[in-house]
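Novice: fold the following and give me the result.
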Amino acid sequence: MLRILDDRTGEPVAAAPARRGLTRIEAHASGLDPTALRVLLTADLLVRALELGGTPVWTILTAPHRQAELRTAATALAIRPFEDGRDLASGLGEEQVIHVREAGPDTVPGEGPVAAVAPVRWVGADPSLPTLLANPTALRLALVSVPRTEPARLDTALLDHAAQGLAHWRRAVAGWARQPSRPVPDEVRARLRAAWEDDLDLPRVLEVLRDVENAPDLPDGARFETYVYADRLLALDLPRDVGTLA
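Specialist: Just a heads-up that it's a prediction; the model follows:
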């Protein structure tokens with residue numbers, strides 16, 4: 001079961017209701033900057049992890065400024081669309097609310113655990129949004145490579161490195177896809193789930209993928225299925241190049 005560290009209590013809490021009822025994820029963004037994008041991304045990762053565990057999820061965006069631009073940036077980052085908050089009284093029987101906000105003083109009204117997101121610092125002059133989103137998938141990979149509770153430092157070189165790593169994995173997945181399919185090994189599946197269910201430990205998920213890539217006795221078909229399975233959470237479009245290799 002997915003558990004997150006509640007910033008209000010300092011204790012881990014279950015992200016899904018005990019009876020598998022609805023969980024509402026509410027992302028709180030105060031502006032349009034890299035930290036706000038990290039808040040939206042964390043909300044998206046919670047949604048994907050809960051859905052993989054069979055929990056129905058409802059997500060809304062609370063932003064006092066530039067909400068339309070935030071939604072456009074979220075779409076570029078492969079973040080699931082946010083619902084209209086006005087539809088919350090639609091009879092879905094929600095049972096739990098999780099707030100996602102930037103780390104700092106708790107200004108979120110109401111009850112429910114809070115997943116706090118550490119700030120993102122850009123090294124050098126602040127980039128424009130189009131520059132930051134020039135390769136949105138590389139930005140997504142760079143952000144999930146850092147635990148959400150730790151500050152993330154970004155610069156052009158780091159994003160270029162993330163883009164190179166992403167291209168490498170896509171080529172590898174395309175090559176593995178040419179071999180007979182094999183199931184995800186039970187041990188690997190358990191390691192992946194244990195990682196993301198432990199407060200969304202995405203760096204550990206990426207570590208598992210690196211181990212799978214380098215495991216000497218693992219069939220390529222199993223590597224392929226493992227990466228496709230993990231990409232349901234990561235949303236890095238890892239199978240994008242399947243069928244393109246000569």
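Novice: residue 189: helix or strand, and which one exactly?
Specialist: For residue 189, the element it lies in under DSSP states H and E is helix 186-196.
Novice: now for the residue nearest to residue 169 when sequence neighbours are not counted, how many residues are close by?
Specialist: Leaving out its chain neighbours, the residue that sits closest to residue 169 by Cβ to Cβ, 6 or more residues apart in numbering is residue 238, at 5.7 Å. Backbone N, C-alpha and C define where each C-beta goes, glycine included. Residue 238 has 21 neighbours, counted by other Cβ atoms under 10 Å.
Novice: residue 163 too?
Specialist: Residue 163 has 17 neighbours, counted by other Cβ under 10 Å.
Novice: strand partners of the longest strand along the chain, parallel vs antiparallel please.
Specialist: Counting residues, the longest strand found in the chain (DSSP state E) is strand 94-102. Strand 94-102 has the following strand partners under DSSP bridges: strand 22-28 (parallel), strand 114-117 (parallel).
Novice: quick one, which of these is nearest to residue 107?
Specialist: Residue 107 lies closest to strand 22-28 among the strands paired with strand 94-102, at 8.2 Å (Cβ to Cβ).
Novice: give me the contact list for the closest one.
Specialist: Residues external to strand 22-28 that are found in contact with it (Cβ atoms under 8 Å, 6 or more residues apart in numbering): 15-17, 39-40, 42-43, 46-47, 50, 55-63, 82, 88, 92-102, 108.
Novice: filter the residues you listed to the buried ones?
Specialist: Buried members of the contacts of strand 22-28, scored by 16 or more other Cβ atoms under 10 Å, are 15-16, 39-40, 42-43, 46-47, 50, 55-63, 82, 94-102, 108.
Novice: in three-state terms, label the residue most central in space within the chain for me.
Specialist: Centroid-nearest residue in the chain: residue 45, 3.2 Å away (criterion: Cα atoms, centre = their mean). At residue 45 the chain is in helix, as set by DSSP: H, G, I helix; E, B strand; the rest coil.
Novice: nearest spatial neighbour of it, chain-adjacent residues omitted?
Specialist: Of all residues not flanking residue 45 in the chain, residue 200 sits nearest, at 5.5 Å (Cβ to Cβ, 6+ apart).
Novice: and that neighbour, what pLDDT?
Specialist: We have a pLDDT of 97 for residue 200.
Novice: just to be sure, it is in a strand?
Specialist: No. Assessed with three-state DSSP, residue 200 is coil; it does not lie in a strand.
Novice: need the contact list for it.
Specialist: Residue 200 sits in contact with 2, 4, 42, 45-46, 49, 115, 148, where contact means Cβ under 8 Å, 6+ apart.
Novice: end-to-end on stretch 140-149?
Specialist: End-to-end distance of stretch 140-149 (Cα to Cα, to the nearest Å): 16 Å.
Novice: just the strands in this structure please.
Specialist: Using DSSP E, strands in the chain cover 3-5, 12-14, 22-28, 57-62, 94-102, 114-117, 120-122, 152-154.
Novice: re earlier: want to try CSV for the contacts of residue 200, with pLDDT and distance to residue 132 as columns?
Specialist: Shown next, in CSV, are the contacts of residue 200 (pLDDT from 0 to 100; distance: Cβ to Cβ, whole Å):
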residue, pLDDT, distance to residue 132
2, 94, 29
4, 96, 26
42, 98, 17
45, 98, 19
46, 97, 22
49, 97, 25
115, 97, 23
148, 95, 18
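Novice: and which of the residues you listed is nearest to residue 135?
Specialist: Closest approach to residue 135 among the contacts of residue 200 (Cβ to Cβ): residue 45, at 19.0 Å.
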